[in-house]
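Chemist: need coordinates for the below:
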Amino acid sequence: MFNRNQNDAFSPQQPSPAAMSAAGAGAAPRGTIVRLLYSTINNTKGEPISEISLRAPTAGDWMECGDFQTTKVLKGDDGELGAMVFEVDTKSVEKWLPRLTGIPLPLLKPLDYRDFRNLFNALAAMVGPYTKGN
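Modeler: As a prediction, this is how the structure comes out:
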């Protein structure tokens, strides 16, 4: 479900468990996130699709794909905690998204950037960043 905000971007909203239950057999499995697309892309049959589902990740997914986002907390010369640096491993993202969506990478690359950011944010919420200090 999406609401448009004043910047014409989509704001994701998770349906309540009651709403998912009321949806019946067509409801996504527990842990699945469904995102509506701003612009359609074609599936493997060449048919347009207007939504993408990300299934819940498993330990095996992480073992195959690795961490895609890290947060480093840097220490200053005085030993005090300093800046935080966020890094994204795009090669890992290229593994995660096809694995959780079931859509091959070449079909995901034409995604509108707004749709990609929406999927990336959903992925980040599901997998979470890895935080380490130095």
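Chemist: show me where pLDDT drops low in the chain?
Modeler: Scanning the chain for pLDDT under 70 picks out 1-29, 129-134.
Chemist: so what strands line up beside the longest strand anywhere in it?
Modeler: Looking across the chain with DSSP state E, the single longest strand is strand 33-42. Partners of strand 33-42 in the sheet, by DSSP bridges, are strand 48-54 (antiparallel).
Chemist: mind listing what's buried along the partner strand?
Modeler: For strand 48-54, burial by neighbour count (16 or more other C-beta atoms under 10 Å) applies to 52, 54. Yep, even glycine has a C-beta here, placed from its N, CA and C like the rest.
Chemist: contacts for the helix or strand following that strand next, please.
Modeler: Toward the C-terminal end, the helix or strand that comes next after strand 48-54 (DSSP states H and E) is helix 59-65. For helix 59-65, contacts defined as C-beta atoms under 8 Å, 6 or more residues apart in numbering pick out 92, 95-96, 99-100, 127.
Chemist: next, the buried residues of helix 59-65.
Modeler: In terms of neighbour count (16+ other C-beta under 10 Å), helix 59-65 has its buried residues at 61, 65.
Chemist: chain center to the helix or strand following that helix, what's the gap?
Modeler: From helix 59-65 onward toward the C-terminus, using DSSP H and E, the following helix or strand is strand 69-75. Counting by C-alpha atoms, centre = their mean, to the nearest Å, strand 69-75 is centred 21 Å from the centre of its parent chain.
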